[in-house]
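**Student:** give the three-dimensional model of this entry:
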Amino acid sequence: MRSFASDNNSGVHPAVMEALVQANQDHALGYGDDLWTKEAVRKIKETFGSDCEPLFVFNGTGSNVVALQLMTRPYNSVLCAETAHIYVDECGSPVKLTGCQIRPIATSDGKLTPELILPYLHGFGDQHHSQPGAVYLSQCTELGTIYTPDELKAITSLAHRYGMRVHMDGARIANACAALGLSLKALTVDCGVDVLSFGGTKNGLMMGECVVIFDDCLKVEARFVRKQSAQLASKMRYLSCQFTAYLTDELWLKNASHANSMARKLHDALAKFPGVRFTQKPESNQLFLTMPRPVIDRMLKSYFFYFWKEEVDEIRLVTSFDTTEQDIDDFIGLLNA
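**Tutor:** Next comes the predicted model:
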């Protein structure tokens, strides 16, 4: 079945699958002491800078809770957009594991700004109030929009001025880089991000994410927090070897660029259909739109995709690295039938 429900639904890129096969040839030391993990660490340091600390984990929620635990105490609050994955889609795990209050901020496009954040920066030193401790950003956002470097720098500068840290959920950071024509380092380290959840599952990996720590002060406790959060893999080579393939010959960028281009093709075709209205800018590989409910119901009989706001007939369509032009032509053909 082909679908536009999520880039999580796509398969594994052949180069990544081959890396897994090669890592499976023999025995290897566990818990990250193997040669595959050492090579993956080298590739990540080559990408982001030699002084970063990469920690491989099982999944996106795990990477977020590890990162947030590193930069907060239970009396802190974490500021995020009201659409943020940690607020909407992680079953309260960041609250349970950090003890922090999550403070959602209303946005029109999923993006925070200094102006939106400032009203929440109060109560510092008051023992009756949660102390603002971290800002959580998604790149791309949950609405498919993208922060520019200047927008990121404005937020990190504000946060650091108030003694806070910034965590970037980079589940789709490759799509943001592809859209902006920038490197991974240019959208993270160079913008003042303290910790990154470096994702690949939505872009050709089988599973696994990487917590990449840039703030030196957060590195000492990181391995202990990962273990305590049940995110330390014994056979870590099966996580890490994927990242070596991912970062070789810019596979991450090729995959994301293709997904973005397929989203543009789908957008252009949908824009010609009567009754379609896009609710967010088509900046990455996610499209948000409304269309007549009878049409949605008819399409759902043949394709799986999600409602975003069912009460207003808003849906989300997502392309991935393995979406083909034929997939789009078939979808549009059925739409026009």
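
**Student:** domains for the protein, by residue range?
**Tutor:** Domains of the chain are assigned by automatic domain parsing as 13-250, 251-336.

**Student:** now mean pLDDT and distance to Phe4 too, for those, in TSV please.
**Tutor:** The way it works is simple: take the backbone N, C-alpha and C, and place the C-beta from them, glycine included. TSV is the format used below for those (pLDDT from 0 to 100; distance: least, CB to CB, whole Å):
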stretch	mean pLDDT	distance to Phe4
domain 13-250	97	13
domain 251-336	96	4
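
**Student:** just the ones you listed: most buried one?
**Tutor:** Between the domains of the chain, domain 13-250 has the highest mean count of neighbours, a mean of 19, where neighbours are mean count of other CB atoms under 10 Å.

**Student:** next, format the domains of the chain as TSV and append distance to Asp7.
**Tutor:** Formatted as TSV, the domains of the chain follow (distance: least, CB to CB, whole Å):
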stretch	distance to Asp7
domain 13-250	4
domain 251-336	4
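
**Student:** nearest to Ser6, out of those domains?
**Tutor:** Closest of the domains of the chain to Ser6 is domain 251-336, at 5.2 Å (criterion: CB to CB).

**Student:** quick check, distance from the closest one to the centre of its chain.
**Tutor:** 19 Å (CA atoms, centre = their mean, to the nearest Å).

**Student:** touching, His258 and Thr324? I think so.
**Tutor:** No - using CB atoms under 8 Å, His258 is not in contact with Thr324; the gap is 9.5 Å.

**Student:** the domains of the chain: which one's closest to Ala5?
**Tutor:** Among the domains of the chain, domain 251-336 comes nearest to Ala5, with 4.7 Å by CB to CB.

**Student:** could you tell me the end-to-end distance of the closest one?
**Tutor:** 35 Å (CA to CA, to the nearest Å).

**Student:** which residues in this protein form helices?
**Tutor:** Assigned by DSSP state H, the helices in the chain fall at 14-23, 35-48, 60-71, 85-88, 93-98, 114-117, 149-161, 173-180, 222-228, 237-246, 251-270, 293-300, 325-336.

**Student:** redo those as CSV? Include distance to Val195.
**Tutor:** Below are those laid out as CSV (distance: least, CB to CB, whole Å):
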stretch, distance to Val195
helix 14-23, 24
helix 35-48, 11
helix 60-71, 4
helix 85-88, 13
helix 93-98, 13
helix 114-117, 18
helix 149-161, 12
helix 173-180, 13
helix 222-228, 9
helix 237-246, 17
helix 251-270, 19
helix 293-300, 38
helix 325-336, 35
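
**Student:** check which helices and strands the longest strand anywhere in the chain sits against.
**Tutor:** Identified as the longest strand of the chain according to DSSP state E is strand 131-138. Strand 131-138 sits against helix 60-71, strand 76-81, helix 149-161, strand 165-170, with contacts defined as 3 or more CB pairs under 8 Å, 6 or more residues apart in numbering; DSSP states H and E.

**Student:** and these as CSV, adding distance to Asp216?
**Tutor:** CSV is the format used below for those (distance: least, CB to CB, whole Å):
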stretch, distance to Asp216
helix 60-71, 12
strand 76-81, 20
helix 149-161, 14
strand 165-170, 12
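
**Student:** let me know which of these is the nearest to Tyr306.
**Tutor:** helix 60-71 (16.9 Å).
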